[in-house]
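Novice: after the sequence you'll find the predicted model.
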Amino acid sequence: MRRPVVAGNWKMHKLLAEAVRLVLDLKPRVVNSHHCEIVVAPPFTALKTICDRLNGSNIKVAAQDCSDQPGEGAFTGEVSAEMLKDIGCSYVIVAHSERRQFYGETNASANKKLRAALGASLIPIYCVGEDLAQRDAGLVEQIVEQQVLEGLSGLTSEQVSHIVIAYEPVWAIGTGRTATPEIASSVHGLIRSRLAKCWGREVAEQVRVLYGGSVKPENIQALMAARDIDGALVGGASLEAESFARIVNYIGYDR
Ligand code: PGA
């Protein structure tokens with residue numbers, strides 16, 4: 001049985017005091033929510049403080065990105081996976097569609113970051129998903145398959161089993177337009193079948209595949225009831241404790 005993950009991606013939001021307020025507000029609302037792993041991904045500037053504030057709680061912390069360089073070195077502006085692990089992060093988001101769209105992230109760079117993250121014992125949340133033009137052109141399977149196979153290229157079954165994949169159709173991110181549970185479920189099934197083909201059925205059954213794109217308290221239950229959906233990566237609705245807690249707490253009821 002895969003343990004669901006509900007992760008909140010704060011993107012470039014929250015000054016430090018606001019970030020602290022948000023987690024202090026969130027903590028009591030999810031203190032008894034043991035049916036899933038709860039993850040928040042604050043901006044870099046708030047990470048250490050949030051890790052300290054959440055230490056010993058049931059909420060884990062993710063970074064939104066990490067360097068593709070393992071170890072240390074002359075890479076101005078980069079933050080290594082080891083540095084993130086060192087301050088208390090457990091997860092890191094890799095290749096979010098906004099990083100692909102605006103900062104030149106590719107499947108190849110994602111592959112290096114996944115290796116760096118795994119090397120530092122962080123759990124990567126690897127983002128894949130097609131944009132609207134690709135969906136309209138009937139390329140969903142091809143694009144997602146390529147993102148999965150190139151992103152995870154050369155990784156061992158053991159490494160792949162630790163990775164969380166987030167399927168986030170770009171047309172659903174921040175648009176209020178959620179993929180139907182049927183659409184999401186079919187792509188999740190595709191991802192799992194490709195994982196099975198390349199890394200074996202056992203590994204494919206272990207990997208958590210999250211859905212992301214306009215997840216809200218109102219649609220989480222239907223999404224979670226769908227086959228092969230193991231949780232959610234939430235953007236906008238994770239910026240307030242009340243809505244994020246409602247999403248966390250909807251999960252599990254139908255399982
Ligand atoms: P959204 O963002 O929930 O605001 O659509 C999701 C994401 O980008 O991870």
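Specialist: Received the coordinates, thanks.
Novice: just give the nearest non-adjacent residue to the closest residue to the ligand within the chain, would you?
Specialist: Nearest residue of the chain to the ligand (Cβ to the nearest ligand atom) works out as G235 at 2.2 Å. For glycine as for every other residue, the C-beta is placed from the backbone atoms N, C-alpha and C. Of all residues not flanking G235 in the chain, N9 sits nearest, at 5.2 Å (Cβ to Cβ, 6 or more residues apart in numbering).
Novice: ok so, going back, what's the separation between the residue of the chain closest to the ligand and A7?
Specialist: Noted for G235: a distance of 10 Å to A7, by Cβ to Cβ, to the nearest Å.
Novice: those two: which has the busier surroundings?
Specialist: Taking neighbours as other Cβ atoms under 10 Å, G235 and A7 compare with A7 leading, 26 against 21.
Novice: in contact with S121, which residues?
Specialist: Counting by Cβ atoms under 8 Å, 6 or more residues apart in numbering, S121 touches K85.
Novice: still on that earlier bit, the residue of the chain closest to the ligand reaches G176, doesn't it?
Specialist: No - look at G235 against G176 with Cβ atoms under 8 Å: they stay out of range, at 11.2 Å.
Novice: just to revisit the earlier point, the residue nearest to G235 touches G236, doesn't it?
Specialist: No - assessed by Cβ under 8 Å, N9 is found out of contact with G236, at 9.3 Å.
Novice: between the two, tell me which one has more neighbours.
Specialist: Taking other Cβ under 10 Å, N9 and G236 do not tie; N9 has more neighbours (26 against 19).
Novice: and that one, bridged to which residues?
Specialist: A41 (DSSP bridges).
Novice: okay, it: pLDDT?
Specialist: Looking at N9, its pLDDT reads 98.
Novice: quick one: residues contacting it.
Specialist: N9 touches A41, A62, Q64, I93, H96, G212, L233, V234, G235, S238, counting by Cβ under 8 Å, 6+ apart.
Novice: how far away is it from M1?
Specialist: With Cβ to Cβ as the criterion, N9 and M1 are 25 Å apart.
Novice: what do you get for V39?
Specialist: 19 Å.
Novice: got the CA positions of stretch 171-189 in CSV?
Specialist: C-alpha atoms of stretch 171-189 as CSV (Å, rounded to 0.1, in the frame of the first residue of the first chain):
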residue,chain,number,x,y,z
TRP,A,171,-2.7,23.8,-18.6
ALA,A,172,-4.1,23.0,-15.2
ILE,A,173,-1.5,24.8,-13.1
GLY,A,174,-2.8,28.1,-11.6
THR,A,175,-5.6,28.2,-14.1
GLY,A,176,-8.4,26.8,-12.0
ARG,A,177,-8.8,24.2,-14.7
THR,A,178,-8.2,20.8,-13.0
ALA,A,179,-7.7,17.6,-15.0
THR,A,180,-10.7,15.3,-14.4
PRO,A,181,-9.9,12.3,-12.2
GLU,A,182,-10.2,10.2,-15.4
ILE,A,183,-7.6,12.2,-17.3
ALA,A,184,-5.2,12.2,-14.4
SER,A,185,-5.8,8.6,-13.7
SER,A,186,-5.1,7.5,-17.2
VAL,A,187,-1.7,9.4,-17.3
HIS,A,188,-0.8,8.1,-13.9
GLY,A,189,-1.5,4.6,-15.2
